[in-house]
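A.B. asks: have a look; sequence and predicted model below, questions after that.
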Amino acid sequence: GKAVGGGAVNVKVERGITNGLGILRTQGYTDSLEMLDHLLAEMEEQGPGVLRSTSWTYVKNNYVVILGCLQQNGLALEYASNAFKNDHVLVITAVKQNGIALAYASEKLKN
């Protein structure tokens, strides 16, 4: 069966993929997953600070990409947009991966 309550996340993820594709094509990527693979490889080598790099600026508003980053390294939450720092699913994902990530959640979610 399908997990209850995951529908909103799936819709958001699909919307993120759709919105992100136009941006991705201009960057030479064919899809979100190809770009995510590249980004995760860079994060693996250099840590989540790679998200600070201007070459990755455009991904900070891509829900799918940020979710993938947080699954690998919760501390990437530091470099996510403010809206994402206030997103329950993203913050939980980050904190599950690394408890220290809670420090980067929005004040609202910390309380």
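C.D. replies: Everything's here; your move. Everything quoted here is computed from the prediction, not taken from an experiment.
A.B. asks: what's the next secondary structure element after the lowest-mean-pLDDT helix or strand in the chain?
C.D. replies: The least trusted helix or strand in the chain, going by mean pLDDT, DSSP states H and E, turns out to be helix 7-26, with a mean of 50. Using DSSP states H and E, the helix or strand that directly follows helix 7-26 along the chain is helix 32-46.
A.B. asks: just checking, what packs against that following helix?
C.D. replies: helix 7-26, helix 63-72 (3 or more Cβ pairs under 8 Å, 6 or more residues apart in numbering; DSSP states H and E). Yep, even glycine has a C-beta here, placed from its N, CA and C like the rest.
A.B. asks: counting neighbours, what do you get for residue 80?
C.D. replies: 28 (other Cβ atoms under 10 Å).
A.B. asks: got a list of what it touches?
C.D. replies: Residues in contact with residue 80, defined by Cβ atoms under 8 Å, 6 or more residues apart in numbering, are 51, 60, 66, 70, 90, 104.
A.B. asks: angles on the backbone of it, please.
C.D. replies: Taking degrees, to the nearest 10, you get phi -80, psi 160 for the backbone angles of residue 80.
A.B. asks: quickly note the distance from the residue lying closest to residue 106 once chain neighbours are set aside to residue 37.
C.D. replies: Excluding the flanking residues, the one nearest residue 106 by Cβ to Cβ, 6 or more residues apart in numbering is residue 86, at 3.9 Å. To residue 37, residue 86 is 27 Å away according to Cβ to Cβ, to the nearest Å.
A.B. asks: likewise residue 64?
C.D. replies: 12 Å.
A.B. asks: so for these two, which sits in the more crowded spot?
C.D. replies: residue 64 (22 against 13).
A.B. asks: roughly how far does that one sit from residue 110?
C.D. replies: Residue 64 is 25 Å from residue 110, by Cβ to Cβ.
A.B. asks: next one: residue 84
C.D. replies: For residue 84 relative to residue 110 (Cβ to Cβ), the value is 15 Å.
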